[in-house]
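A.B. asks: sequence unavailable; structure follows:
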């Protein structure tokens, strides 16, 4: 669990069972632990999620997802030999393993390319909210409007070439 230790450089004290929980499942924070951490730090749910997005992982980007269940899932970017998985890709894989749907997602780095395509495959993609990073809070539809426009132009160019 070396990655888990790097992800949680310091576990806030004063929350019963939190240290043991993040050692056991460093990429998941249960609803109960999230709420206890919010109370301990005197932060709203939104501020806690923004703080996790900003401060976890050190130099390694980490995506944070608030699930419908109230749990928080984490997705650190991973370098696997010749392949790199973005924080968003790891977060989505974590959510699929847990069988839960996103309510909101945030990351310091803006999702692009394959990460955007993967997010679009989520059943509730239009309802998922975005927070953190350089973009103002809002929906993914707004965040990826440029990408959608670029996709449409690409389809038009390909179609024109075969007409």
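C.D. replies: Good, I have the coordinates. Please read all numbers here as calculations on a predicted model, not as lab measurements. Numbers count the residues shown, from 1 in each chain.
A.B. asks: and the closest residue to residue 15 other than its chain neighbours, how many residues sit next to it?
C.D. replies: Excluding the flanking residues, the one nearest residue 15 by Cβ to Cβ, 6 or more residues apart in numbering is residue 36, at 4.5 Å. No exception for glycine: its C-beta is placed from N, CA and C like everyone else's. Using other Cβ atoms under 10 Å, residue 36 has 18 neighbouring residues.
A.B. asks: then the one 5 residues further on?
C.D. replies: The burial count assigned to residue 41 is 13, neighbours taken as other Cβ under 10 Å.
A.B. asks: got a pLDDT number for it?
C.D. replies: With respect to pLDDT, residue 41 scores 86.
A.B. asks: that one and residue 52 touch, don't they?
C.D. replies: No: applying Cβ atoms under 8 Å as the test, residue 41 and residue 52 come out as separate, 10.7 Å apart.
A.B. asks: ok, back up a step: quick one: residues in contact with the helix or strand containing the residue nearest to residue 15.
C.D. replies: Using DSSP states H and E, residue 36 maps to helix 31-41. Applying Cβ atoms under 8 Å, 6 or more residues apart in numbering, the contact partners of helix 31-41 are 12, 14-18, 21, 29, 44-45, 48, 51, 69-72.
A.B. asks: let's go with 7 Å and repeat that
C.D. replies: 12, 14-15, 17-18, 21, 45, 48, 69-72 (Cβ atoms under 7 Å, 6 or more residues apart in numbering).
A.B. asks: farthest pair in those?
C.D. replies: Greatest spacing in the contacts of helix 31-41, by Cβ to Cβ: 14 and 69 (23.9 Å).
A.B. asks: give me the more crowded residue out of the two.
C.D. replies: Each of residue 14 and residue 69 has its neighbours counted (other Cβ under 10 Å); residue 69 has more, 14 against 10.
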